[in-house]
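1. Return a 3D structure for these sequence lines:
(2 chains)
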Protein chains: 2
Amino acid sequence: MKAYQELSRAELLSLKEQLDREYEEARGKGLKLDMSRGKPSAAQLDMSRDFLDALNSASEMKSENGLDVRNYGAMDGIPEAKKLMGDIMGVPAENVIVCGNASLTIMYDTVSRSMTHGVLGSTPWCRLDKVKFLCPCPGYDRHFAITQHFGIEMINVPMTPQGPDMDMVERLVSEDDSIKGIWCVPKYSNPQGYTYSEETVKRFAHLKPVAEDFRIFWDNAYAVHHLYEDRQDELAEILNLCAEAGNPDMVYEFCSTSKITYAGAGISAVASSRANLDEMKKVLTLQTIGFDKVNQLRHVRYFKNIDGIQAHMKKHAGWMRPKFEAVLAVLEKELSGLGIGQWTRPNGGYFISFDAMKGCAKAIVAKCRDAGVVLTGAGATFPYGVDPEDSNIRIAPSFPTPEEMAMAADLFVLCVKLVSVEKLLEEK
Amino acid sequence: MKAYQELSRAELLSLKEQLDREYEEARGKGLKLDMSRGKPSAAQLDMSRDFLDALNSASEMKSENGLDVRNYGAMDGIPEAKKLMGDIMGVPAENVIVCGNASLTIMYDTVSRSMTHGVLGSTPWCRLDKVKFLCPCPGYDRHFAITQHFGIEMINVPMTPQGPDMDMVERLVSEDDSIKGIWCVPKYSNPQGYTYSEETVKRFAHLKPVAEDFRIFWDNAYAVHHLYEDRQDELAEILNLCAEAGNPDMVYEFCSTSKITYAGAGISAVASSRANLDEMKKVLTLQTIGFDKVNQLRHVRYFKNIDGIQAHMKKHAGWMRPKFEAVLAVLEKELSGLGIGQWTRPNGGYFISFDAMKGCAKAIVAKCRDAGVVLTGAGATFPYGVDPEDSNIRIAPSFPTPEEMAMAADLFVLCVKLVSVEKLLEEK
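-> Take a look at the predicted model:
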């Protein structure tokens, strides 16, 4: 098939007629599918059912250091949970604080605390005229929502398959002391599924920001979330690289078990330098009487160690892979060579990123919604919800069943074609 | 026995000699007891062991509205948990958001959000020259620590057995628009165990603060924490009273199950008006992907309803009462009529408040510590850790066993006597 751009107006009109018919037909099916968020499916949750048996009334409720996990105390987590979460991130337990059920909360708190109290003695950000964050994009909408909430100006940084445009990052942080942070999903990035190359991570570690309170927010959300056994991305460990580069305090790393055990009832963790963790702990003693250590122990008893997690993640991959492949097969079959879309083929994570022709994303998402398939809102992957090209669409295949996924993908490519044809007709 | 104040110098000297001997003896026993925090005892935690069986791999994991509690969603909690927590506070489920394992976190977040974003559209507190909170005291040190952390000026308000000095509260809030809040533990208050009278609660509801963003922080931490079946305090329900008084948005109420199930692994809740809850929820969607709904469901399955909680609290009382009575018996027997101390006799809660002679609290706490009994630091019950009279000591009988409690109480009264004699000798 020819690329749509090469079709004549007559050919486009005839194509549109056919696609319109197909779309009306599809709409008649009464689909009702949600691909808007990276939610685990019911099957994945059921797979972890026995997680709930990891602790029961007969269990020893002491952590390995003798602490009763049911009582107050151990603000920074029980030692075995620090070890487990550290192993997920590839950092020593001593660099870890284990927190509640959402790593997003730690990120929010970290920004909030920097606003009101500064970073290791710096001026509180709320007292500065201007605070800016670099936002590699497309990226994670909830990251951008946090910085937007605090009135932090967000600067788009283009993503590449090797990570953010590091020339731009290096230049900006070395010029502008109002740039205080950067949001990163360094492995199986949201939504593209890219993993930052070793060179990119090293360049991060060697950044020379003019702002001493500049921090890298390293959201390692998909550290162990591979799709394949034989094709797994490796991410260089940034804490150690930062320390070696003389920037020990420059990074906060986050992770959670939300997509390992239960999306709503996992545990989260932050890894950072001693100085950064000490600052966090000082405030944590005001914020909480300690996180849920029973759930921390439940995780450790269930997985035993990182090998247990890796084995469990293989089972998750067994559920996720067919859905990714179903979507990719449809995209490949239906859109290859048409010149109306490009997409990523990730080795892990929760998303496929689709780039439509400029100016088409909103219309595609709207058309899908009208026919019963909810996608993440177009623009959501960019700061302020504004995709300057109106091109990027995040596909989240995790929640539907593979059958639903195939139906949804069929509708999606249909909408891509239809909107693209309409766009091309407008331009002709 | 005569009051110490009536003893001659010679009598005091001879008494001191005897008490010194007793103290040296006590110190030789090598006690190692911690009465510093309101921590549940191991026996109490064991009593709730079967709580862990309330959910297992065979359990239905859907909430009553069909939501899979293991997945994302339901930011404000599952309906049955809202109902349960609402019933603890005596408010409708629709006025409740169920949160994570610590009500302290909600309080911290509420103050933090007011600092950075204001309250229902008011100027963010961090942009004001001065923000003040009223602090009924003695009170809860962690409350005061939060406001201190944000640079909020704290004003001491004396406590009475009916609650805070309401003449002072009414006058101050009607005069000073920099007063933005008041910390309250209205039932079985920390540390005195007082319950605000109905009149006090009504006066709260009818406050006419000049600051429209003035809020009552109503920490109903001990709502169901009675010690006796036949002597239970009743607290008037403030949300409804505020609404009736035309002040629907003036109060945030907090509670948790930290001292019902597990101190480290309970659930917490906030109750407030629709407008306040909407404001909270708007920010919660940035802070979290939803709280741990599995633990919410675990609580509901375990207790069924408020009757289940009440029955469970009777069992807690069975553990707590003997310790309170052991302390009170020793205080009564050893200190009655000596004029060197007064103490409260609460019907519930976690503390007994002891007022030593002026200028003696720090010395008593230090002497206890030297002999192996750790009490809450003197001054901790006041803003900035400064008890202007150096008189108040918080006794937390929950953690030790009754036998340990009796030993600790014996040492405590000995230290009270010794320090009082030394004080009187200084003054003679």
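2. Give the buried residues for the helix-or-strand element of chain A with minimal mean pLDDT.
-> Within chain A, no helix or strand scores below strand A:33-35, which has a mean of 87 by mean pLDDT, DSSP states H and E. Neighbour counts over strand A:33-35 (16 or more other CB atoms under 10 Å in any protein chain shown) mark A:33, A:35 as buried. Any C-beta I mention is one placed from the backbone N, CA and C, and that applies to glycine too.
3. That one packs against which elements?
-> strand A:373-375, helix A:402-427 (3 or more CB pairs under 8 Å, 6 or more residues apart in numbering or on different chains; DSSP states H and E).
4. Would you convert these into JSON lines that also reports mean pLDDT?
-> Below are the helices and strands packed on strand A:33-35 laid out as JSON lines (pLDDT from 0 to 100):
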{"stretch": "strand A:373-375", "mean pLDDT": "94"}
{"stretch": "helix A:402-427", "mean pLDDT": "94"}
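5. so which of the ones you listed is the most packed in?
-> Using mean count of other CB atoms under 10 Å in any protein chain shown, the stretch among those with the greatest mean number of neighbours is strand A:373-375 (a mean of 22).
6. Dump stretch A:3-14 to PDB, restricted to CA.
-> Provided in PDB are the C-alpha atoms of stretch A:3-14 (Å, rounded to 0.1, in the frame of the first residue of the first chain):
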ATOM      1  CA  ALA A   3       1.700   6.100   1.900                       C
ATOM      2  CA  TYR A   4      -1.400   8.300   2.400                       C
ATOM      3  CA  GLN A   5       0.600  11.300   1.400                       C
ATOM      4  CA  GLU A   6       1.000  10.000  -2.100                       C
ATOM      5  CA  LEU A   7      -2.700   9.400  -2.600                       C
ATOM      6  CA  SER A   8      -4.600  11.700  -4.900                       C
ATOM      7  CA  ARG A   9      -7.500  13.700  -3.600                       C
ATOM      8  CA  ALA A  10      -9.900  11.300  -5.400                       C
ATOM      9  CA  GLU A  11      -8.200   8.300  -3.800                       C
ATOM     10  CA  LEU A  12      -8.400   9.900  -0.400                       C
ATOM     11  CA  LEU A  13     -12.000  10.700  -0.800                       C
ATOM     12  CA  SER A  14     -12.800   7.100  -1.800                       C
END
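7. average pLDDT for that stretch?
-> For stretch A:3-14, mean pLDDT is 96.
8. Next: stretch A:37-57.
-> Here stretch A:37-57 scores 93 as its mean pLDDT.
9. if we can go back for a sec, okay, the helices and strands packed on strand A:33-35 in TSV with distance to chain B next?
-> Output for the helices and strands packed on strand A:33-35, formatted as TSV (distance: least, CB to the nearest CB, whole Å):
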stretch	distance to chain B
strand A:373-375	14
helix A:402-427	16
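10. Quick one: closest of those to B:Met75.
-> With CB to CB as the criterion, B:Met75 lies closest to strand A:373-375 of these, at 18.2 Å.
11. by contact count, what packs against the next helix or strand after the closest one?
-> Next helix or strand after strand A:373-375 toward the C-terminus (DSSP states H and E): strand A:392-395. Other elements packing on strand A:392-395 under the criterion 3+ CB pairs under 8 Å, 6+ apart are strand A:352-356, helix A:361-370, strand A:373-375.
12. JSON lines for those, including distance to A:His226?
-> Formatted as JSON lines, the helices and strands packed on strand A:392-395 follow (distance: least, CB to CB, whole Å):
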{"stretch": "strand A:352-356", "distance to A:His226": "15"}
{"stretch": "helix A:361-370", "distance to A:His226": "28"}
{"stretch": "strand A:373-375", "distance to A:His226": "24"}
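13. and those, which one is worst for confidence?
-> Lowest mean pLDDT of the helices and strands packed on strand A:392-395: strand A:373-375, a mean of 94.
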